[in-house]
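Student: Coordinates for the following, if possible.
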Amino acid sequence: MKITDEMLMQVEKPARYLGGELNMVKKDPTGVKIRFAYAFPDVYEVGMSHLGSQILYYMVNERADTYMERAYSPWPDMEKIMRANNVPLGTLETQTGLSSFDMLGVTLQHEMTYTNILNMLDMSGIPIYSKDRDESHPIVLAGGPSAYNPEPMAPFIDFFYIGEGEAMLNAVLDRYAELKDAGTDRANTLKELSKMPGIYLPSFYDVSYNIDGTISSFKPNNPNAPAKIKKVLLPSMESAPFPKRMLVPLIETVHDRVALEVFRGCMRGCRFCQAGFVYRPLREKPPTELAAQAKELIEGTGYEEVSLLSLSTCDYSAFKELLGDLIDYCDEQNVNISLPSLRIDAFSPELMEKVQKNRKSSLTFAPEAGSQRLRDVINKQITEDEIFEGLTRAFSGGWSRVKLYFMLGLPTETQEDIEGIASLAYKILEKYYELPKDKRPKPPSVNISTSCFTPKPFTPFQWDGQNSYEEFGTKQRLLKSRINDKKIKYSYHDAGGSLLEGIISRGDRRVSEIIFNAWKNGAKFDSWSDMLNKAAWNQAISEFSQEHFDTTFYTTRGRSFDEILPWDHIDIGVSKEFLMKEKQRSLEGEVTPNCRASCAGCGLGEVCHVK
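Tutor: So this is what the prediction gives:
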């Protein structure tokens, strides 16, 4: 009942299923009290690149009483072989089937991985619906950024962990160990865990609906269930749990590098960005701690690149000090430093020369919108002058290729805003040709990419309607028609996946039916554009058993401030009143200053220490 060498010989990348990586944790499974399986609902190369997974893996495995093991979604070639040979999905560490563990944790990184979660449960022999599980099955918990709206996955998950894993997961495991020692049954174990901060049991809540499909009430049905589930968070990132070593994969992954989280949260307040609100407040790590972690991890992995991760790395208050600590050491070790979240207004050729000895072929920035009016609406806090100044510095420093990311379908968007994207690209070319000839040895290249805006919970745009498939297509064609220069290249995302994401991201419990039926119809790896099974999803949508509304209820429909939203029972600390205020300011084109410039009163004052 395990993967054999013969099976491995038949798949594209057998190393995905081997385990045994450098720094893999090895324990005697019979010598621990809690066996915890951590399931990442995507292929190995993606899961191994996820920093949060590495943090939790080593944090939990520091416990003497717990062994956390890993599982990833098998690629279709391996899934076919496993199902044909009745091999259940197991862990890389011991190949133990996931159904044999005490707890199974799944991470909700993105809505388009949800069918993979159902597939992993099915391949493990674990009932997909929580109501069908008994004492022989592991407790299934879920966390991660998409868990802030848990409702679309509520019927499949025993309990949700709302917040940052480092804050309370060890306490949850401590309590579980006590209950297991006492011989507590499954139902009462879940009941006791529900009393802990950040724990949400969907079965403890009842939802009723109005005739138009909106929620009429969302109420606890159990005295242990609080009316609001407040996210748990680390009050400080200083000395926060972080691996002293990292798993080093056997094959190339999406990000082959040491990853350092310089701070968590964001001070910018871009109104489209869910991460910027749910990860508040901003908390920084001390530069000396980061430098020490970088050196330890480079020596323990052999990686040739260290990446400074955050939502906006140049906002780190000790940025220069940190680079001063890192540059000499990284030069000695021939290690590159990468800054993947660099803002265009903070671009410095001198800085890039220091951190990237082998200059990259292009620079990537995200203006997000083509006009100043729309950038003010979304609170991007960057002007056209700052864009041109940053790019002029880049061109003067020897860069000639630029990638720019934008969104189509933002609230209040007009044709002028869309045409402004093309206009901006042409102005960038003009800036390049303003340089003396000896300063521009290569022809310029401006790559424009647009994604389709999806409104997200816990943002000021959570009440806005999403564009339809036809509207997105019209806007993409309009922009394409305005670009007639070979030095400007335009690429865009298909709107189909974005609309599916829109259904799920703001969905209620009824959306679980669509997810389940899409999976039954063959959907999986939906976040991969070449794997998205539109027919499976379209069939699931057509089978959706709601009489009074269709799936545009979740996408193109605008919401009123009075409507009960499916995630209103989750408290992220940022007040709903603040989000309403930000929505009104967006309509007036008013910019809200960043948190260091002025406190906007988001509701996190007691735990926020931004200076």
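Student: From Pro74, how far out is Phe40?
Tutor: 12 Å (Cβ to Cβ, to the nearest Å). In short, each C-beta sits where N, CA and C put it, glycine included.
Student: Identify the residue spatially nearest to Asn119, adjacent ones excluded.
Tutor: Using Cβ to Cβ, 6 or more residues apart in numbering and skipping residues adjacent in sequence, the residue nearest Asn119 is Lys524, 5.2 Å away.
Student: Apologies, that question was intended for Asn61.
Tutor: In this structure, Asn61 finds its nearest non-sequential neighbour in Val25, 4.4 Å apart by Cβ to Cβ, 6+ apart.
Student: Would you mind measuring from that neighbour to Gly52?
Tutor: Counting by Cβ to Cβ, the separation of Val25 from Gly52 is 17 Å.
Student: What residues of stretch 537-552 count as buried?
Tutor: Of all the residues in stretch 537-552, those buried under the rule 16 or more other Cβ atoms under 10 Å are Trp537, Gln539, Ala540, Ile541, Phe544, Phe549, Thr551.
Student: would you list every one of the helices in the stretch 1-150 of the chain?
Tutor: In order along the chain, the stretch 1-150 of the chain carries the following helices (DSSP state H, counting those that start in this stretch): 5-8, 44-47, 51-61, 76-84, 114-124.
Student: a markdown table for those helices, including mean pLDDT, mean neighbour count and distance to Asn221?
Tutor: Formatted as a markdown table, the helices of the stretch 1-150 of the chain follow (pLDDT from 0 to 100; neighbours: other Cβ atoms under 10 Å; distance: least, Cβ to Cβ, whole Å):
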| stretch | mean pLDDT | mean neighbour count | distance to Asn221 |
| --- | --- | --- | --- |
| helix 5-8 | 96 | 12 | 46 |
| helix 44-47 | 96 | 22 | 36 |
| helix 51-61 | 97 | 20 | 31 |
| helix 76-84 | 98 | 16 | 38 |
| helix 114-124 | 98 | 23 | 25 |
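Student: Any stretches of this structure with poor pLDDT?
Tutor: Where the chain drops to pLDDT under 70, the residues are 353-361, 545-548.
Student: ok, the residue nearest to Asn119 touching Leu532?
Tutor: No. If you go by Cβ atoms under 8 Å, Lys524 and Leu532 don't touch, sitting 9.8 Å apart.
Student: These two: which has the busier surroundings?
Tutor: Lys524 (25 against 19; other Cβ atoms under 10 Å).
Student: measure the more buried one to Trp537 for me?
Tutor: 11 Å.
Student: where do the strands sit along the stretch 151-300 of the chain?
Tutor: For the stretch 151-300 of the chain, the strands defined by DSSP state E, counting those that start in this stretch cover 159-161, 199-200, 205-209, 215-220, 229-230, 258-261, 263-264, 283-284.
Student: With respect to Gly397, which of those lies nearest?
Tutor: Across those, Gly397 has its closest neighbour in strand 258-261 (24.8 Å, Cβ to Cβ).
Student: now the strands of the stretch 151-300 of the chain in CSV, with mean neighbour count and distance to Asp438?
Tutor: Shown next, in CSV, are the strands of the stretch 151-300 of the chain (neighbours: other Cβ atoms under 10 Å; distance: least, Cβ to Cβ, whole Å):
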stretch, mean neighbour count, distance to Asp438
strand 159-161, 25, 58
strand 199-200, 24, 62
strand 205-209, 15, 68
strand 215-220, 14, 65
strand 229-230, 18, 60
strand 258-261, 22, 38
strand 263-264, 23, 41
strand 283-284, 22, 42
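Student: out of these, nearest to Ser400?
Tutor: Nearest to Ser400 among the strands of the stretch 151-300 of the chain is strand 258-261; the distance by Cβ to Cβ comes to 28.9 Å.
Student: and that closest one, how far out from the chain's middle?
Tutor: Chain-centre distance of strand 258-261: 16 Å, with Cα atoms, centre = their mean, to the nearest Å.
Student: For the most centrally placed residue in the chain, give me phi and psi.
Tutor: By Cα atoms, centre = their mean, the chain has its centre lying nearest to Gln109, at 4.5 Å. Backbone geometry at Gln109, expressed as degrees, to the nearest 10, gives phi -80, psi -30.
Student: again, but for Cys452
Tutor: phi -100, psi 120.
Student: so what secondary structure elements neighbour the longest helix along the chain?
Tutor: The longest helix of the chain (DSSP state H) is helix 415-433. For helix 415-433, the packing partners by 3 or more Cβ pairs under 8 Å, 6 or more residues apart in numbering; DSSP states H and E come out as helix 372-377, helix 384-396, strand 401-408, strand 445-452, helix 469-481, strand 488-492.
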